[in-house]
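Asker: here is my input, please return the structure:
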Amino acid sequence: MVSKRESMKMEISTCLEQALDNLQSIWEEIGICQENRTERQNTVLLHMRNLLEEMVSEEKELRNRLLTSVETCGEEIFKLSQELAVAPYEAEEGLTILQLEKRLRLEVETLNKEKDTRMGELKELKDVEQQLCDMLCTTPYYIATGTIPSKEQLETLQEHINTLTAERDSRQATFTSTKRAILSLLNDLEQGPNTSFEREIICEEEDSFTLSKENMEALHVLQSELEHKLQENQRTAEELRERITSLWNRLTVPQEERQEFLEQTTGHKPTILKMLEDEANRLDLLKKQNIEKVILGSRDELEAWWEKCYYSREQKNSFAGFYEDEYTEELLEQHDQQLALVKIYYEDNKEIIELVKKREVMWKKMLEFEKRANDPNRFFSNRGGKLLQEEKERKKINKDLPKLEQSLSDRIQEFEESKGRPFLVDGCRFVDYVAAQWAAHEAEKQMAKSKRHQAKKKETEKEMLHGSRPNTPAKRPRLPPSSTNNTPKRRKGTPHKLRNTPARRKALADANSHSSHKEAPSMFSMSTVSGNTGHGSNMSDSITSTCTTYSDFAKELDSANRENYRSSTLPSPKGPRSFSRIGLL
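Answerer: Next up is the predicted model:
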């Protein structure tokens, strides 16, 4: 098989021979001599040689350009790869110069496009960041000028922009709310913007305000200053109102006049403060003109504060001016000083005093619930679950009161350790005060219990002597007549059964043993015997200690004293006798 190169040679040789034959024929026809023909043949050969050399030269030049391009592209790829922070391109093995040059050229184009994309994204992000930084007065994220940012740098820049955006929104919201608060404060203080910074806040557009840290701090400082001024005005207004109220009370100003003035002076604006100051000055002048009346009013107010602070009689008596009868400016000043001291004491110990007050309220409620629990008539007023609600409240108080006392004791102990002096309630330490209250309460309960026991014992003895008395039932609302109401009526004169309680059995046994040397009829009545048919064994044990035989007992029933005993079981001496139930003994 002939190769392409051999075929090419044969074709060139054929073409050359044909051309030379044609030339030779033309030369012969023209009549060119041999010498000229030889020259012309040499010229053809020279042209052929030059053409081939030129063609070879051009191909060599192409090869050199391709090699140069490969080298240039390789260098550019390496540079771009470093700038873009990517791995450099590595060509496959076995590529020709043309293939390698094409691959490298395409890689350079790809890297350049990536470079342009990153630089464009960087410019956009930098523009947004610069606006935010100008607004917030912060430093931009640093990326060296003229360098291509890496993907990590672009992501970090985007995160930085997001952070700045969130900070801008937060500061903008803070500025808006603070501006609104400052406007309200200026309105309450009845003043306008005085400084350039205040005018920038109040008068300029919100978008034009620079949200720098310094401006935000200055904004908060301004708000704090205005709030402090407002608090001062509030405190001044409260002090003036307290002073005016105190003077009103001392001067016994009518309630209508007070109410009218208070309605006109609500709030704490400067104009209101001026009105309050004028009223206080007017009342001070009246105070000097009515010194006795004012001192008596001061004493009433001082007594109210003493009670509020749980002062004892000794503490009250320590202020000797309270009992002087010569009313002077000096005496009024002493009362004012004493009143100021009591108020300071209250303010310094307000939390503890309020807890003591809360404990006193809970204590009174506990006593009230215990009193209600001992009331036998409470069941007749139980409407809407009132008893259940009271029981819940009683349990809650019984649970919370010890906790409050313990917490209060701890607070007072801390106070005493820090102040170095005892905290007194009604002249004694709080722990002793509470212990005394509980001891008095327990003593009162024991006394009431003893009284009930004594009354019950006397009633039992009376019943043993004269028989049980029928209990009169509480009146009940009448039921409408009904044909189905077939409840048999209680036989008139039938006594209630006595409850065979351990206390009653003990009392009966004591009475029996005490009267064992007396006559049997003086101890038991027939109603006492018949009232415990459900517990005959217990009762018979007590009775047999006195009634030795039935004949003695029956003999006594026929005596003249029979009329002193009441019984629903035995008939009267005038009627027929029947001792069927007595036989149970």
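Asker: what is the neighbour count of Ile77?
Answerer: Residues near Ile77, counting by other C-beta atoms under 10 Å, number 21. C-betas here are computed from N, CA, C, even on glycine.
Asker: then Ala443?
Answerer: When counting by other C-beta under 10 Å, one arrives at 10 neighbours for Ala443.
Asker: swap in the one 3 residues further on?
Answerer: Burial of Gln446, expressed as a neighbour count using other C-beta under 10 Å, amounts to 10.
Asker: now do the SS call for it.
Answerer: Per DSSP: H, G, I helix; E, B strand; the rest coil, the secondary structure class of Gln446 is helix.
Asker: mind listing the strands for the chain?
Answerer: Under the criterion DSSP state E, the chain contains strands at 424-425, 428-429.
Asker: can you tell me how far the residue most central in space within the chain sits from Glu242?
Answerer: To find the centre residue of the chain, average its C-alpha atoms and take the closest one (C-alpha atoms, centre = their mean): that gives Glu351, at 20.1 Å. From Glu351 over to Glu242 the distance is 20 Å, taken as C-beta to C-beta, to the nearest Å.
Asker: also Ala455?
Answerer: Counting by C-beta to C-beta - Ala455 and Glu242 are separated by 55 Å.
Asker: likewise Trp27?
Answerer: Taking C-beta to C-beta, one finds Trp27 at 143 Å from Glu242.
Asker: quick one: low-confidence residue ranges for this structure.
Answerer: Counting by pLDDT under 70, the chain has low-confidence residues at 1-2, 375-385, 467-585.
Asker: longest helix in it, please.
Answerer: Among the elements of type helix in the chain, defined by DSSP state H, the one spanning the most residues is helix 34-84.
Asker: next up, the contacts around Gln446.
Answerer: Under the criterion of C-beta atoms under 8 Å, 6 or more residues apart in numbering, Gln446 has no neighbours.
Asker: how far away is it from Thr38?
Answerer: Per C-beta to C-beta, Gln446 is found 165 Å from Thr38.
Asker: Gln289 too?
Answerer: Where Thr38 is concerned, Gln289 sits at a distance of 160 Å (C-beta to C-beta).
Asker: again with Ser177
Answerer: Counting by C-beta to C-beta, the gap between Ser177 and Thr38 amounts to 111 Å.
Asker: go on, Glu109?
Answerer: Here the distance between Glu109 and Thr38 works out to 57 Å (C-beta to C-beta).
Asker: swap in Lys458?
Answerer: Distance of Lys458 to Thr38, computed by C-beta to C-beta: 180 Å.
Asker: give the buried residues for stretch 443-460.
Answerer: When burial is assessed from 16 or more other C-beta atoms under 10 Å, stretch 443-460 yields the following buried residues: Lys457, Thr460.
Asker: quick one, phi psi at Tyr327?
Answerer: Its backbone dihedrals place Tyr327 at phi -90, psi 110, with angles given as degrees, to the nearest 10.
Asker: over to Tyr141?
Answerer: The phi/psi pair for Tyr141 (degrees, to the nearest 10) reads phi -70, psi 130.
Asker: who's in contact with it?
Answerer: Glu129, Thr156, Leu157, His160.
Asker: dump those to JSON lines, plus distance to Lys365 and neighbour count.
Answerer: JSON lines is the format used below for the contacts of Tyr141 (distance: C-beta to C-beta, whole Å; neighbours: other C-beta atoms under 10 Å):
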{"residue": "Glu129", "distance to Lys365": "68", "neighbour count": "20"}
{"residue": "Thr156", "distance to Lys365": "67", "neighbour count": "14"}
{"residue": "Leu157", "distance to Lys365": "69", "neighbour count": "21"}
{"residue": "His160", "distance to Lys365": "64", "neighbour count": "17"}
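Asker: same list, the residues you listed, but as a markdown table with distance to Leu424 please.
Answerer: Formatted as a markdown table, the contacts of Tyr141 follow (distance: C-beta to C-beta, whole Å):
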| residue | distance to Leu424 |
| --- | --- |
| Glu129 | 68 |
| Thr156 | 68 |
| Leu157 | 70 |
| His160 | 65 |
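Asker: and of the residues you listed, the nearest to Ser212?
Answerer: For these, the closest approach to Ser212 (C-beta to C-beta) belongs to Glu129, at 15.9 Å.
Asker: now for that closest one: which residues touch it?
Answerer: Per C-beta under 8 Å, 6+ apart, neighbours of Glu129: Pro140, Tyr141, Leu157, His160, Ile161, Leu164.
Asker: for it, give its distance to Thr156.
Answerer: Distance check for Glu129 against Thr156: by C-beta to C-beta, it reads 11 Å.
Asker: nearest spatial neighbour of His441, chain-adjacent residues omitted?
Answerer: Spatial nearest neighbour of His441, chain neighbours left out: Leu367 (7.4 Å); criterion: C-beta to C-beta, 6 or more residues apart in numbering.
Asker: then Asp300?
Answerer: The shortest distance from Asp300 to any residue other than its chain neighbours is 6.9 Å, reached at Asn249 (C-beta to C-beta, 6+ apart).
Asker: if I look at that neighbour, how far off is Gly321?
Answerer: The separation that Asn249 has from Gly321, given C-beta to C-beta, amounts to 18 Å.
Asker: all the helices of the stretch 201-350 of the chain, in order from the start?
Answerer: Listed in chain order, the helices of the stretch 201-350 of the chain (DSSP state H, counting those that start in this stretch) span residues 213-251, 255-264, 270-289, 291-308, 313-317, 329-348, 350-373.
Asker: now Leu189, nearest residue through space, not along the chain?
Answerer: Using C-beta to C-beta, 6+ apart, the nearest residue to Leu189 is Lys229, at 5.8 Å.
Asker: against Glu368, how distant is Pro402?
Answerer: Applying C-beta to C-beta, the value for Pro402 to Glu368 is 18 Å.
Asker: go on, Arg180?
Answerer: From Arg180 across to Glu368, the span is 51 Å (C-beta to C-beta).
Asker: of these two, who's got more company?
Answerer: Comparing Arg180 with Glu368 by neighbour count (other C-beta under 10 Å), the higher total belongs to Glu368, at 14 against 10.
Asker: look up how far Asn42 lies from that one.
Answerer: 148 Å.
Asker: repeat that for Lys343.
Answerer: Between Lys343 and Asn42 the distance, using C-beta to C-beta, works out to 139 Å.
Asker: neighbour count winner among the two?
Answerer: Lys343 (15 against 10).
Asker: ok, the more buried one touching Ala304?
Answerer: No: judged on C-beta atoms under 8 Å, Lys343 makes no contact with Ala304 at a distance of 11.2 Å.
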